[in-house]
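Peer 1: quick one: sequence plus predicted model below, questions after.
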Amino acid sequence: MNHSPAPEAGASLRIDSARGRWTLLATVLGSGVVLLGSTVTNVALPHIGDDFGAGLAVLQWTVNAYMLTLAGLILLGGSLGDRFGRRRVFVLGLVWFAVASLLCGLAPDTGTLIAARALQGVGGALLTPGSLAIIEASFHPDDRARAIGLWSGFGGIGAALGPFLGGWLVDGPGWRWTFLLSVLPALLCVPVALRHVPESVGTSPRDAAVTAGTGSRGRLGFDIPGAVLGALALALATYALTEARDGGPSAVVAAVGSVAAGAGFLRVERRSGDPMMPPAIFSSREFTAVNVITLCVYAGTGGFFFLTTLQLQIVVGYSALAAGAAMLPSTMLMLLFSSHSGTLAQRLGPRAPLTVGPLVCGAGMLMMLRVGPGASYLQDVLPAMVVMGAGMVVMVAPLTVTLLSSVDASNAGLASGINNAAARAAGLVAVAALPLLVGMGPDAYRSGPAFDTSFSRAMPLCAGLLAVGALVAFGTLRQTAGASRPPHGRTHGWLMEPPLVSRFARHQAAD
């Protein structure tokens, strides 16, 4: 039985209407639980390790299992919503995410926890593309910008509060509640979505053309082989990097398998009639450059936030709550100013902000070298976080503006999906690789001096990745403003990943 009213023809919802407010609430809650899954976990890692008596690899997999399935399947999740209905897939994602979160909170051992985290990522891949696509497909054009702004703003508040709330739960009822926290809002969102959110699908292939290079064709099919091979390549690479410290044959086999799966992915994308990552889109030099910058920037920041949360607790001696609160300045600066900083790229051209921003972020990372035993928050931690946040403000929104300006409007959603997946994959690889590169042993997080030594080696590497991104920006992006095409979509960005834009410029109602 269909629990919702008959869908409205086209995008006709108004924010001031009851149905419009309920739709906005559902999309905010849906994207909010995924953001919580990304932000609350890091502060709980030392406690998870202590409870299970686990080594560092378990902490890495607790983060990476979630990011792996989310990054690998997010493009497929968007295609499923476009084909079968965005509300339908959104609700499926909510239920999936809630069940997986419950499994995480009740996990009796590390294997169950890691598997449940991977399932959480699958739910996130179903939810994340749909939340924004529902807004774009449902709201009247006159209200759409305001609705996206509200969705973005409330999401930013959730991202800012995630580490703080996670720390409070870890220090209070325990780390399991950082996962159980997502269950109730996800389940409450289901009846709201079924009753109030209009159903919509992507336009038919004959009506929606995607122009990439010189080709033009519709995009409503599925690239399941591409999605499987892409996720498999990421999974094997992550396993190889995580297990390489033991030097066993399994790491070598995984590394070879990752290369083979990656080659298979590229082959499938070249030959597929409907690839999820069309090679032709990379014919845009600027699009390719922005994605290389994204890989560098989000690898550096992903490794930074993973290790810094541990450093504050293990070495400095902060509680989980204090460690989460210490991260707030960077997030608050992003929340307050990033929605306005996209104009930098439009006024100055992309080269200046995308060169200066990563260098400022890198300077903030190097300032964290002062944060050791007995460090002062006001003198050591806060200045580094403020500088880091300032660099992110200068960099993230212009990165998105430049990305969306580098492709045609019909390709904006595809481009943002590829860029979002690239950012998540970069963070995933960084979390797997950094401990190996700095010689961090499996029990390093149990020893303050050992972890501090590894952290001091890791920060220059993270800053170096940002510097490489700055060099790529300086060498490949145009110096002046005046893009041949205006940017499409919002320019607000998140701290840990770029925003998504709907894959379709036009939508149709679905019964």
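Peer 2: Thanks, I have it.

Peer 1: in the chain, which spans are strands?
Peer 2: Per DSSP state E, the chain carries strands over the ranges 200-202, 210-212, 215-217, 507-509.

Peer 1: what's the separation between residue 28 and residue 335?
Peer 2: Separation of residue 28 from residue 335 (C-beta to C-beta, to the nearest Å): 15 Å. Every C-beta, even on glycine, is put in place using the N, C-alpha and C of the backbone.

Peer 1: again with residue 310
Peer 2: For residue 310, the distance to residue 335 - C-beta to C-beta - is 24 Å.

Peer 1: distance check, residue 332 against residue 223.
Peer 2: 39 Å.

Peer 1: which one of the two is surrounded by more residues?
Peer 2: residue 223 (23 against 16; other C-beta atoms under 10 Å).

Peer 1: contacts only, for the more buried one.
Peer 2: The contact partners of residue 223, taken as C-beta atoms under 8 Å, 6 or more residues apart in numbering, are 75, 76, 79, 268, 269, 272, 274, 275, 276, 277.

Peer 1: tabulate those residues (TSV), appending neighbour count and distance to residue 292.
Peer 2: Putting the contacts of residue 223 into TSV (neighbours: other C-beta atoms under 10 Å; distance: C-beta to C-beta, whole Å) gives the following:
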residue	neighbour count	distance to residue 292
75	23	19
76	23	24
79	23	25
268	20	22
269	18	18
272	18	23
274	16	25
275	21	20
276	27	20
277	21	15
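
Peer 1: filter the residues you listed down to the ones in helices?
Peer 2: 75, 76, 79, 268, 269 (DSSP state H).

Peer 1: so which of those residues comes closest to residue 97?
Peer 2: residue 76 (16.0 Å; C-beta to C-beta).

Peer 1: run a quick neighbour tally on residue 256.
Peer 2: Residues near residue 256, counting by other C-beta under 10 Å: 12.

Peer 1: what separation is there between it and residue 265?
Peer 2: In terms of C-beta to C-beta, residue 256 sits 15 Å off from residue 265.

Peer 1: tell me the one among the contacts of residue 223 nearest to residue 420.
Peer 2: Residue 420 has its nearest neighbour among these in residue 75, at 8.8 Å by C-beta to C-beta.

Peer 1: got a list of what the closest one touches?
Peer 2: 129, 223, 227, 276, 277, 417, 418, 421.

Peer 1: tell me how far the last one lies from residue 240.
Peer 2: The gap separating residue 421 from residue 240 is 20 Å, by C-beta to C-beta.

Peer 1: how about the second one?
Peer 2: Distance of residue 223 to residue 240, given as C-beta to C-beta: 25 Å.

Peer 1: now the first one
Peer 2: The span separating residue 129 from residue 240 equals 29 Å under the rule C-beta to C-beta.

Peer 1: more crowded one of those two?
Peer 2: Legend: neighbour count by other C-beta under 10 Å for residue 129 and residue 240, higher for residue 129 (31 against 22).

Peer 1: residue 81 is in contact with the more buried one, correct?
Peer 2: Yes: with contact defined as C-beta atoms under 8 Å, residue 129 counts as touching residue 81 (6.1 Å).

Peer 1: now the helices for the stretch 151-300 of the chain?
Peer 2: Listed in chain order, the helices of the stretch 151-300 of the chain (DSSP state H, counting those that start in this stretch) span 177-180, 183-196, 224-243, 249-271, 285-314.

Peer 1: re earlier: can you put the contacts of residue 223 in CSV and add distance to residue 291 and pLDDT?
Peer 2: Converted to CSV, the contacts of residue 223 look like this (distance: C-beta to C-beta, whole Å; pLDDT from 0 to 100):
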residue, distance to residue 291, pLDDT
75, 14, 85
76, 19, 86
79, 20, 82
268, 19, 91
269, 14, 90
272, 20, 83
274, 21, 81
275, 16, 85
276, 15, 83
277, 10, 87
